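Undergrad: predicted model follows, preceded by the sequence.
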Amino acid sequence: MDKLKPRALIFDLGSTLIEYESMPWDELNLLCLQNARKFLMVNDYIVPEQEEFNRLFEEIKRQYRQQAAKTLREWDVPQITRVFFEKLNLKYDTDLVDEFFDFYYEPVDEKLFVYDDTVETLERLKSKYPVMGLISNTVFPERVHLGELARFGIEPYLRFTLFSSSFKLRKPHPDIFRKAANLAGYAPSECLFIGDRFVEDVQGPAEVGMPAVLKMVEGREYPENMSYNIPKIKTLSELVKILEN
């Protein structure tokens, strides 16, 4: 393994700095849909029974996810909410879409948490790496993640943030890594990406010549013979040792 000498660090968000998967996403999504449907009912909107409500929302979401997997063009929950409302013949405006989303996202927000070593590690790194940023694949609006970064004390350490829901392309598309390097002010080869997924967070940056560190998540499947000679960590704090060696 070659010695890493980056001039800028770029982090993934979920499962790297903040934990969003304290329970399976399928189970969490059901709570989100229950909460969102309750919001509509309390406000006197006529909606299907929960099972049909879920089925229709998930069918729309599935179509967008399949398209994103092929093209790497990102979708987001407010976008499919508009399609969903049209299917239900509900009159809506931007305020209603935003309110619906806020209730949908509430169960996610209640269960996410920051890792114990996240802020401590960023604090230790900031003197040597004053340029740190973030790239996150997300189907949630940027505003909620910016709020989370502020809430958990991460925001002051980041020079820039790139969310796929705003950038409209998702990792591993090379353009999102090129954009991040541009925001960092360095060539991709001078940046180091830290993330927890092999395709998105190792192969993706490699396409533009950006090295990576893979944060291994217990229970997640990784290729048996990963073709990249990359350093691996289990906790973010281990990154400090790798960069000091």
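TA: Cool, got the structure. Residues are numbered from 1 along each chain as shown.

Undergrad: all strands of this protein, in order?
TA: Taking DSSP state E as the test, the strands found in the chain are 8-11, 18-19, 113-114, 132-136, 160-163, 191-195, 212-215, 232-233.

Undergrad: walk me through which strands the fourth one pairs with, and which way each runs.
TA: Yep, that's strand 132-136 we're talking about. Next to strand 132-136 in the sheet, as set by DSSP bridges, lie strand 8-11 (parallel), strand 160-163 (parallel).

Undergrad: hmm, who's touching the last one?
TA: So the one you mean is strand 160-163. For strand 160-163, contacts defined as CB atoms under 8 Å, 6 or more residues apart in numbering pick out 133-136, 138, 142, 145-146, 149, 176, 179-180, 183-184. For every residue, glycine as well, the C-beta is placed using N, CA and C.

Undergrad: and for the longest helix seen in the chain, what's in contact with it?
TA: Counting residues, the longest helix in the chain under DSSP state H turns out to be helix 50-71. With contacts defined as CB under 8 Å, 6+ apart, helix 50-71 is touched by 30, 33-34, 37, 47-48, 73-75, 79-80, 83-84, 87-88, 170.

Undergrad: measure stretch 222-229 end to end?
TA: 14 Å (CA to CA, to the nearest Å).

Undergrad: my bad, should have said stretch 105-125
TA: 32 Å.

Undergrad: buried residues of that stretch, list them for me.
TA: Going by neighbour count (16 or more other CB atoms under 10 Å), the buried part of stretch 105-125 is 105, 107-108, 112, 114-115, 117-119, 121-122, 124-125.

Undergrad: just these: which are in helices?
TA: Reading helices off these with DSSP H, I get 105, 107-108, 118-119, 121-122, 124-125.

Undergrad: what's the farthest-apart pair in these?
TA: Spatial extent of those (CB to CB) is set by the pair 107 and 124 at 33.1 Å.

Undergrad: domain ranges for the chain?
TA: By the assignment in automatic domain parsing, the chain contains the domains 8-19+113-244, 25-111.

Undergrad: out of these, deepest packed?
TA: Comparing these by mean neighbour count (mean count of other CB atoms under 10 Å), domain 8-19+113-244 comes out on top with a mean of 18.

Undergrad: and residue 150, how far from residue 156?
TA: Distance, residue 150 to residue 156, by CB to CB, to the nearest Å: 9 Å.

Undergrad: need the per-residue pLDDT for the residue of the chain most remote from its centre.
TA: Within the chain, the residue lying farthest from the chain centre (CA atoms, centre = their mean) is residue 44, at 33.4 Å. On the pLDDT scale, residue 44 is placed at 97.

Undergrad: please apply the same query to the one 10 residues further on.
TA: Residue 54 is assigned 98 on the pLDDT scale.

Undergrad: please apply the same query to residue 147.
TA: At residue 147, the pLDDT value in this model is 98.

Undergrad: do the one 3 residues further on as well
TA: According to the prediction, residue 150 has pLDDT 98.

Undergrad: among the contacts of strand 160-163, which two are most distant?
TA: Farthest-apart pair in the contacts of strand 160-163 is 138 and 184; separation 19.9 Å (CB to CB).

Undergrad: pLDDT weak spots in this structure?
TA: By pLDDT under 70, the low-scoring segments of the chain are 1-2, 227-228.

Undergrad: tell me where it has helices.
TA: Counting by DSSP H, residue ranges of the helices within the chain are 25-42, 50-71, 77-87, 94-111, 118-125, 142-151, 164-167, 174-184, 198, 204-206, 238-244.
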